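Undergrad: quick one, what's the 3D model for this:
(chains A and B)
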Protein chains: 2
Amino acid sequence: MNISLIGSGNVATHLAQALYDLKHQIVQVYSQNLKNAQQLASLVQAQPVYQLQELQPADLYLIAVKDSAIAEIAAQLAPLNIQGIVAHTSGSTALDAIQQSSPHYGVFYPLQTFSKAKAVDFSQVPLLLEGSSAKVIQQLDILARQLSTQVYHYSTQQRRSLHLAAVIACNFSNYLYSVADDYLTRQGVDFDLLKPLILETASKIQHHAPIHMQTGPAVRHDQGILDMHQQMLESQPQLQQVYELLSQGIMHLHMSGNKN
Amino acid sequence: MNISLIGSGNVATHLAQALYDLKHQIVQVYSQNLKNAQQLASLVQAQPVYQLQELQPADLYLIAVKDSAIAEIAAQLAPLNIQGIVAHTSGSTALDAIQQSSPHYGVFYPLQTFSKAKAVDFSQVPLLLEGSSAKVIQQLDILARQLSTQVYHYSTQQRRSLHLAAVIACNFSNYLYSVADDYLTRQGVDFDLLKPLILETASKIQHHAPIHMQTGPAVRHDQGILDMHQQMLESQPQLQQVYELLSQGIMHLHMSGNKN
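TA: Numbering: from 1, shown residues only, chains lettered A, B, ... in the order given. Below is the predicted model:
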């Protein structure tokens, strides 16, 4: 396929490289910031552009920009009379947000966390598809299955639920890792010691329901430790609040009869 | 070594099995609940006992009971005139809590999460040691290095800091996984789709500082998505509160100049 990228951030970069590796032709890379467009374009032998009017015909235009900019991009694409498929890559934006962009539009959402510093193996990344017609979905499906074994046709509402759950389970976990790192650094203890435990915690729930894997002082109702931890966090009131709320959450979840 | 276990829960079970696999002799397994003692003892060819007075001479007694019971166990061991090393396995209990138990006492804390349902590879588990004398530490060190490549001599305060950080980074993350699972189930979406993302989130910080791996709407200050998520959680006020507090935490952490 001839594919152009609209955007040059983490998602655009990883998708462009994965599609390029699959021998698709990356036609153009658009970014408002020409330098960013040039940087990504050079990696995938594409033409960098910084004005949407410069977009050439392509089979697929993938919009990978921040959510708040998607509708505006779609509005700017409207007068360009695009005949290819325009698909956004967002977890939370409705399919209809890009209705104006082309007669053929869809969603191509990779449920994964992308950082420029770290390569991603797409083969296990769930790809959630939506389309303005069965034909659009079919074409996105063919492309998606070249990238991944995990391809799903999901409604906007289902996709939004997954994205919210991903924020809770992943973005917030990463925040907790950061807080633990910061706390240990203040105590002169090496955060590296925690890394095997963090990995094991995420590995355990691959094959067991997380509610049955809960350990720690809150689920044991070990008030002595809970109190000691509150005291140890006395100089960090915001972290104290996080500790309190999540411990209460654990106790509440395990009291409501969910525990086996 | 001749080793007896005081306790029959997750930590006792995994330690007993790992030491048994290393050809140490597991002499006895104590539990107040004889059935639990019998169950573990049968796995490691040990004698089950349900009264501390029945303990026979051993080189090492490992206490693996809940924190609140450790001091009482130590008090009950006091009159037994034990000559071997008595070591507890807790992250948060002071070394001195078991001072009465024997002239030779220490701490043998495996920094890992144990569930009976899941086997643990001890070789990468950090073992934190403390002892009443250099000789005790040395003997625990020899044993620890048979189990793991990650052996550290840490003070009670350092060990407590690590345990608190582990609660934050791991117990709380597992709670967030549970909450995400519960939420998706209510929405009729399969939690399995999140699993690769959860694993990738934990994998990323093995080689990168977590603060530099933060993604999601909060760190992007994407108010539109943050508001939509709050609305989607309207029927679950406690989860709404968790979402709000952790999102604020992310914004705060990344404003305080920690971001690269």
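
Undergrad: and the residue nearest to A:Tyr154 when sequence neighbours are not counted, which of the three is it?
TA: Closest residue to A:Tyr154 apart from its sequence neighbours, by Cβ to Cβ, 6 or more residues apart in numbering or on different chains: A:Leu128 at 4.4 Å. All C-beta spots, glycine's among them, are computed from the backbone N, C-alpha and C. Secondary structure assignment for A:Leu128 (DSSP: H, G, I helix; E, B strand; the rest coil): strand.

Undergrad: confidence score at the nearest residue to A:Gln53 once chain neighbours are set aside?
TA: Distances taken as Cβ to Cβ, 6+ apart place A:Leu80 nearest to A:Gln53, at 7.0 Å, with adjacent residues excluded. We have a pLDDT of 96 for A:Leu80.

Undergrad: next: A:Met213.
TA: 92.

Undergrad: what's the closest non-adjacent residue to it?
TA: Closest residue in space to A:Met213, ignoring its immediate chain neighbours: A:Lys204 at 4.8 Å, by Cβ to Cβ, 6+ apart.

Undergrad: for that neighbour, phi and psi?
TA: The phi/psi pair for A:Lys204 (degrees, to the nearest 10) reads phi -60, psi -40.

Undergrad: one more: A:Gln45?
TA: Dihedral angles (degrees, to the nearest 10) for A:Gln45: phi 50, psi 40.

Undergrad: neighbours around it, how many?
TA: A:Gln45 has 10 neighbours, counted by other Cβ atoms under 10 Å in any protein chain shown.

Undergrad: can you check A:Ser235 too?
TA: 8.

Undergrad: measure it to chain B for me?
TA: 13 Å (Cβ to the nearest Cβ, to the nearest Å).

Undergrad: repeat for A:Ser247
TA: For A:Ser247, the distance to chain B equals 8 Å [Cβ to the nearest Cβ].

Undergrad: so what's that residue closest to, chain neighbours aside?
TA: A:Ala218 (4.0 Å).

Undergrad: part of a strand, is that neighbour?
TA: No - per three-state DSSP, A:Ala218 lies outside any strand segment and is coil.

Undergrad: for it, which residues are in contact?
TA: Contacts for A:Ala218 were tallied using Cβ atoms under 8 Å, 6 or more residues apart in numbering or on different chains; they are A:Leu226, A:Leu246, A:Ser247, A:Gln248, A:Ile250, A:Met251, B:Asn171, B:Tyr175.

Undergrad: looking at the residues you listed, which is nearest B:Ser123?
TA: For these, the minimum distance to B:Ser123 (Cβ to Cβ) is 23.2 Å, reached by B:Asn171.

Undergrad: can I have the buried ones of the contacts of A:Ala218 as a ChimeraX selection?
TA: In ChimeraX, this line selects whichever of the contacts of A:Ala218 come out buried by 16 or more other Cβ atoms under 10 Å in any protein chain shown:
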select /A:226,246,247,250 /B:171,175
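
Undergrad: which residues in chain A form helices?
TA: A:10-21, A:34-43, A:67-77, A:134-147, A:156-166, A:172-186, A:195-204, A:223-232, A:237-255 (DSSP state H).

Undergrad: returning to what we had before: number of nearby residues for the residue nearest to A:Tyr154?
TA: With other Cβ under 10 Å as criterion, A:Leu128 counts 24.

Undergrad: let me see the contact set for it.
TA: For A:Leu128, counting by Cβ under 8 Å, 6+ apart, the contacting residues are A:Gly91, A:Val107, A:Tyr109, A:Leu111, A:Tyr152, A:His153, A:Tyr154, A:Gln158, A:Arg159, A:Leu162.

Undergrad: check contacts around the residue sitting furthest away from the middle of chain A.
TA: In chain A, counting by Cα atoms, centre = their mean, A:Gly224 sits farthest out from the average C-alpha position, at 38.7 Å. By Cβ under 8 Å, 6+ apart, the contact set of A:Gly224 is B:Asp67, B:Ser68.

Undergrad: try it again with 10 Å
TA: A:Pro217, B:Lys66, B:Asp67, B:Ser68, B:Ser92, B:Thr93 (Cβ atoms under 10 Å, 6 or more residues apart in numbering or on different chains).

Undergrad: who wins for most neighbours among these?
TA: B:Thr93 (27 neighbours).

Undergrad: A:Ser102 touches A:Gln83, doesn't it?
TA: Yes - with contact defined as Cβ atoms under 10 Å, A:Ser102 counts as touching A:Gln83 (7.1 Å).

Undergrad: just to revisit the earlier point, what pairs with the residue nearest to A:Tyr154 across the strands?
TA: Beta-bridge pairing for A:Leu128 (DSSP bridges): A:Tyr109, A:Tyr152.

Undergrad: ok, it to A:Ala144 distance?
TA: 9 Å (Cβ to Cβ, to the nearest Å).

Undergrad: quick check: neighbours shared by these two?
TA: A:Phe108, A:Tyr109, A:Pro110, A:Gln150, A:Val151, A:Tyr152, A:His153.

Undergrad: nearest spatial neighbour of the fourth one, chain-adjacent residues omitted?
TA: This means A:Gln150. A:Gln150 sits nearest to A:Pro126 (Cβ to Cβ, 6+ apart), 4.2 Å away.

Undergrad: list the contacts for the one you found?
TA: Per Cβ under 10 Å, 6+ apart, neighbours of A:Pro126: A:109-112, A:144, A:148-152, A:154, A:162, B:190, B:192-197.

Undergrad: go again using 8 Å as the cut-off
TA: Per Cβ under 8 Å, 6+ apart, neighbours of A:Pro126: A:Pro110, A:Leu111, A:Gln112, A:Ser148, A:Gln150, A:Val151, A:Tyr152, B:Leu193, B:Pro196, B:Leu197.

Undergrad: ok, A:Gln138 next?
TA: Per Cβ under 8 Å, 6+ apart, neighbours of A:Gln138: A:Gly131.
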